[in-house]
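**Q** one predicted model, sequence on top.
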Amino acid sequence: MSSSRPDPDPTSPKSLALIRSEDDLARLPASERIRYRLVGADCRYHANDNIAAFVRPGETEELKAEVAQHMQAVLKALVIDTESDHNTNETAQRVARMFIDEVFRGRYQPMPSVTEFPNVSRLNELMIVGPISVRSACSHHMCPILGRVWIGVLPNEHSNLIGLSKYARIVDWIMTRPQIQEEAVTMLANELQERVKPDGLAIVMEADHFCMQWRGVKDLDSAMTNSVMRGEFLKNANLRREFLALLSKKNGA
Ligand SMILES: [Zn+2]
């Protein structure tokens, strides 16, 4: 990636400090190396950003080892005897694998490949996909967010269509990151808008936030609902009503 970058002038201490060679980078922990590339590219790396383009082959394994090491330090700080307590022997490694390979994998893995088809039959009817189950986590507490999402698409003759199962894969890719529900639905809307290019796009997400149920107010019935409406869904109240009516019908209400 940066191999085409010119070598820094060895006589300039400043350039040596700013531009590290591949050998220097190789000596750093993987997280530092990846961060160095992100900062160099002026690329945001918030909890809900995908950074796959900056992670090289083998580095997620290194990240897992780093996370496990720091997780072990957290358990130590919690004064848990992970040596004698067989239940927590391998907890640090388990949590590291869970974060990187499962619940936050949408940060480290590239966008799933999705084939788009031209709208040859010129479909222009409202199409609803869902409910698609959502498994995410909140950025504030790293507690689970479990819920469902519905997507309404009003295509035009220039729209690209994607297979129904691909909607679920895109939802999963965006949700398997530490998220905030409002930002998650906006990210999902942006991704679908760009790919499908419909006349109208509507997304509704309803989810239980475990940080409300497990801690804090301990309200076991609290669910949060968010929606994003774009294009025709904003302009046309009938279309909006049709979407919401079909959605509650699908929901068995
Ligand atoms: Zn939270």
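**A** It's in.

**Q** what's the burial count for residue 155?
**A** 21 (other Cβ atoms under 10 Å). Where C-beta positions appear, they are placed from N, C-alpha and C, glycine not excepted.

**Q** who are the neighbours in contact with residue 171?
**A** 132, 134, 149, 188 (Cβ atoms under 8 Å, 6 or more residues apart in numbering).

**Q** let's have the residues you listed in CSV, adding pLDDT.
**A** Shown next, in CSV, are the contacts of residue 171 (pLDDT from 0 to 100):
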residue, pLDDT
132, 96
134, 97
149, 97
188, 98
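
**Q** including neighbour count, secondary structure and distance to the ion, could the residues you listed go into TSV?
**A** Shown next, in TSV, are these (neighbours: other Cβ atoms under 10 Å; DSSP: H, G, I helix; E, B strand; the rest coil; distance: Cβ to the ion, whole Å):
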residue	neighbour count	secondary structure	distance to the ion
132	21	strand	22
134	24	strand	15
149	24	strand	19
188	24	helix	19
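
**Q** quick one, phi psi at residue 218?
**A** phi 50, psi 40 (degrees, to the nearest 10).

**Q** what sits closest to it if chain neighbours are left out?
**A** Leaving aside its sequence neighbours, residue 218 sits nearest to residue 212 (Cβ to Cβ, 6 or more residues apart in numbering; 7.7 Å).

**Q** you'd agree the one you found is in a helix?
**A** Yes - counting by DSSP: H, G, I helix; E, B strand; the rest coil, residue 212 falls inside a helix.

**Q** gap between it and residue 181?
**A** 12 Å (Cβ to Cβ, to the nearest Å).

**Q** repeat for residue 142
**A** For residue 142 relative to residue 181 (Cβ to Cβ), the value is 15 Å.

**Q** quick one: name whatever helix or strand follows the helix or strand where residue 228 lies.
**A** Element membership of residue 228, judged by DSSP states H and E, is strand 223-231. Downstream of strand 223-231, the next assigned helix or strand under DSSP H and E is helix 232-235.

**Q** pull out the buried positions in that next one.
**A** Under the neighbour-count criterion of 16 or more other Cβ atoms under 10 Å, helix 232-235 has 232-233 buried.

**Q** against which helices or strands is it packed?
**A** In terms of contacts (3 or more Cβ pairs under 8 Å, 6 or more residues apart in numbering; DSSP states H and E), helix 232-235 is packed against strand 144-154, strand 200-209, helix 237-250.

**Q** what is the neighbour count of residue 40?
**A** 15.

**Q** sorry, back to before: list the buried residues of the strand holding residue 228.
**A** Residues of strand 223-231 classed as buried by neighbour count (16+ other Cβ under 10 Å): 226-231.

**Q** near the ion at all, it?
**A** No - judged by Cβ under 5 Å from the ion, strand 223-231 makes no contact with the ion; its nearest approach is 10.7 Å.

**Q** how far is that strand from where the chain is centred?
**A** Chain-centre distance of strand 223-231: 17 Å, with Cα atoms, centre = their mean, to the nearest Å.

**Q** same thing with stretch 158-170?
**A** Using Cα atoms, centre = their mean, the offset of stretch 158-170 from its chain centre is 17 Å.

**Q** so which of residue 142 and residue 181 has more stuff around it?
**A** The neighbour count for residue 142 versus residue 181, taken as other Cβ under 10 Å, is higher for residue 181 (20 against 14).

**Q** what does the stretch 101-250 of the chain put close to the ion?
**A** 138, 140-141, 211.
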